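1. With the sequence up front, the predicted model follows.
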Amino acid sequence: MLIISKEDIEKAVDSSELVSAIERAYIIQDKASTNIPDRMHIDSDENTLLLMPGFIDSVFGTKLVSLFPENAKENKPVLYGVMVLNDAQTGEPLAIINGSKLTAMRTAAVGATAVKYLSPFMAQTLGIIGAGVQAYHQALIVSAQRPFRKLIICDKNLSKAEVIKEELESKLENISIEVTNDSNQLVMDSDVIVTATSSNKPVFDVDIEKLNNKTFVGIGSYKPDMQEFPLSLYNAVDKVYVDTLHAKKECGDIKIPLKKGLIEDSNIIPFSSVLTSGELLNEAPFSIFKSVGMSLFDLTVAELIYNNAKEKGLGTEVNI
Ligand SMILES: NC(=O)c1ccc[n+]([C@@H]2O[C@H](COP(=O)([O-])OP(=O)(O)OC[C@H]3O[C@@H](n4cnc5c(N)ncnc54)[C@H](O)[C@@H]3O)[C@@H](O)[C@H]2O)c1
């Protein structure tokens, strides 16, 4: 069995391969051999264990994620994760993969896939609200989708934005990077806006009438009372794209505008239909995509990481 660390993951895959793995997930989502049950939550006081199992044709796997909020006080990560990947023909365990890095890379690739299909081809400025783990990976992988010249990063804690700016500068050599704590100005100045915060409330508030040709990608909110987008944004679009229709139940950015009648149920569109219809959406004046994540993405990306790691001699073989 192969142990695959976060450094191995970084060396194993590039952004275009990651986007292809996400496209594959959307395409096989409705196949009979794809079996992704609801994830299981086990709570112990304020701590949570999440089990996310699933089968596709070639592999099955389980991502195990722990969320221990008090860790933040001791400067430890709130979230730890491991993914166990198995061969679907024999059940043999193939790999244990760093689940935090896997999640961040696959979530960034979900954002990048939305930008690939929805944003104008000549988008120049990428704005990211939030400067945490997801934001860093979104910057790396989304920025490869368009000829971006500028990246603006906003966090309510400006020093966090400054830290990731420094980390990104050596990796994104052809993009100038600015930091700000003015999220409204970021939205006005950006062609593509990714929100990747832990906020419960909308993270910007601008006059939608003054905006044109913008692509919004929501990553952060995942509970019914969490929102990153202001309700006024929904007046600008007919359709809202989601990675999974569970978003209608799970997240405030879809559930609240639906309840308020700002968007019709029939206009919440699964992103898989964009891939299967071949419709070109890049010239739409506005688009909104909302991700809540699904374990199918973990599986297709884990399989890609495993196959590439084997091919490149990465990871540590162990007998268990
Ligand atoms: N869609 C998915 O599949 C998926 C996957 C992983 C994580 N997430 C979610 O993404 C969010 C971010 O995750 P993370 O790991 O980067 O967390 P993190 O704690 O590392 O970073 C969150 C950042 O958001 C900033 N922030 C909070 N409120 C803000 C506001 N109003 N304006 C500007 N900045 C603000 C915080 O200061 C922090 O720097 C979480 O809600 C997480 O659950 C979604």
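-> Received the coordinates, thanks. Numbering: from 1, shown residues only.
2. Tell me the residues on this structure that lie near the ligand, please.
-> 103, 107, 129-135, 154-157, 160, 183, 196-199, 203, 219-220, 222, 291-293 (Cβ under 6 Å from any ligand atom). Glycine gets a C-beta too; all of them are placed from N, C-alpha and C.
3. Torsion angles phi and psi at V179?
-> phi -120, psi 150 (degrees, to the nearest 10).
4. how about the nearest residue to it, chain neighbours excluded?
-> Take V179 and drop its neighbours on the chain: the residue closest to it by Cβ to Cβ, 6 or more residues apart in numbering is A161, 3.9 Å away.
5. tell me what the helix or strand containing that neighbour is packed against?
-> For A161, the host element (DSSP states H and E) is helix 158-169. In this structure, helix 158-169 packs against helix 133-142, strand 150-154, strand 176-180, with contacts taken as 3 or more Cβ pairs under 8 Å, 6 or more residues apart in numbering; DSSP states H and E.
6. Pick out the residue closest to the middle of this structure.
-> T107 (2.5 Å; Cα atoms, centre = their mean).
7. and it, what does it touch?
-> Contact analysis of T107 by Cβ atoms under 8 Å, 6 or more residues apart in numbering lists Q134, H137, Q138, I219, S291, G293, F297.
8. Max pairwise distance over those residues: which two?
-> Q138 and F297 (14.3 Å; Cβ to Cβ).
9. could I have the strand or helix carrying the residue nearest to the centre of the chain exported to PDB, CA atoms only?
-> Here T107, judged by DSSP H and E, is contained in helix 99-118. Written as PDB, here are the backbone C-alpha positions of helix 99-118 (Å, rounded to 0.1, in the frame of the first residue of the first chain):
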ATOM      1  CA  GLY A  99      -7.100  14.100   3.000                       C
ATOM      2  CA  SER A 100      -6.700  17.800   3.900                       C
ATOM      3  CA  LYS A 101      -4.500  18.400   0.800                       C
ATOM      4  CA  LEU A 102      -6.700  16.200  -1.300                       C
ATOM      5  CA  THR A 103      -9.800  18.200  -0.300                       C
ATOM      6  CA  ALA A 104      -8.100  21.600  -0.900                       C
ATOM      7  CA  MET A 105      -6.800  20.500  -4.400                       C
ATOM      8  CA  ARG A 106     -10.100  18.900  -5.500                       C
ATOM      9  CA  THR A 107     -12.100  21.900  -4.200                       C
ATOM     10  CA  ALA A 108      -9.800  24.300  -6.100                       C
ATOM     11  CA  ALA A 109     -10.300  22.100  -9.200                       C
ATOM     12  CA  VAL A 110     -14.100  22.300  -8.800                       C
ATOM     13  CA  GLY A 111     -13.700  26.100  -8.800                       C
ATOM     14  CA  ALA A 112     -11.400  26.000 -11.800                       C
ATOM     15  CA  THR A 113     -13.800  23.800 -13.700                       C
ATOM     16  CA  ALA A 114     -16.600  26.300 -13.200                       C
ATOM     17  CA  VAL A 115     -14.300  29.100 -14.400                       C
ATOM     18  CA  LYS A 116     -13.300  27.000 -17.400                       C
ATOM     19  CA  TYR A 117     -17.000  26.700 -18.600                       C
ATOM     20  CA  LEU A 118     -18.600  29.900 -17.300                       C
END
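10. tilt between it and helix 133-142?
-> Between helix 99-118 and helix 133-142, the angle comes out at 50 degrees (axes from the mean of the first three to the mean of the last three Cα atoms, to 10 degrees).
11. change the start of the numbering to 530 and stick with it
-> Understood, numbering begins at 530; the last thing we discussed is helix 628-647.
12. and the next element down the chain from helix 628-647?
-> Counting by DSSP H and E, the next helix or strand C-terminal to helix 628-647 is strand 654-658.
13. can you list the domain ranges for the protein.
-> 531-630+825-846, 632-823 (automatic domain parsing).
14. For those domains, state which one has the densest average packing.
-> Mean neighbour count (mean count of other Cβ atoms under 10 Å) peaks for domain 632-823 among those, with a mean of 19.
15. ok, now which ones touch the residue of the chain found nearest the ligand?
-> Closest approach between the chain and the ligand, counting by Cβ to the nearest ligand atom: G661, at 1.8 Å. Applying Cβ under 8 Å, 6+ apart to G661 gives the contacts D684, K689, A725, T726, S727.
16. So which residues make contact with the helix holding A690?
-> Residues contacting helix 687-698 (Cβ under 8 Å, 6+ apart): 660-661, 664-665, 668-669, 680, 682-684, 706-710.
17. Between which two of those is the distance greatest?
-> L669 and N710 (22.1 Å).
18. Would you mind giving me the confidence score for L715?
-> Looking at L715, its pLDDT reads 97.
19. Repeat that for G628.
-> 97.
20. Perfect, I'm done here.
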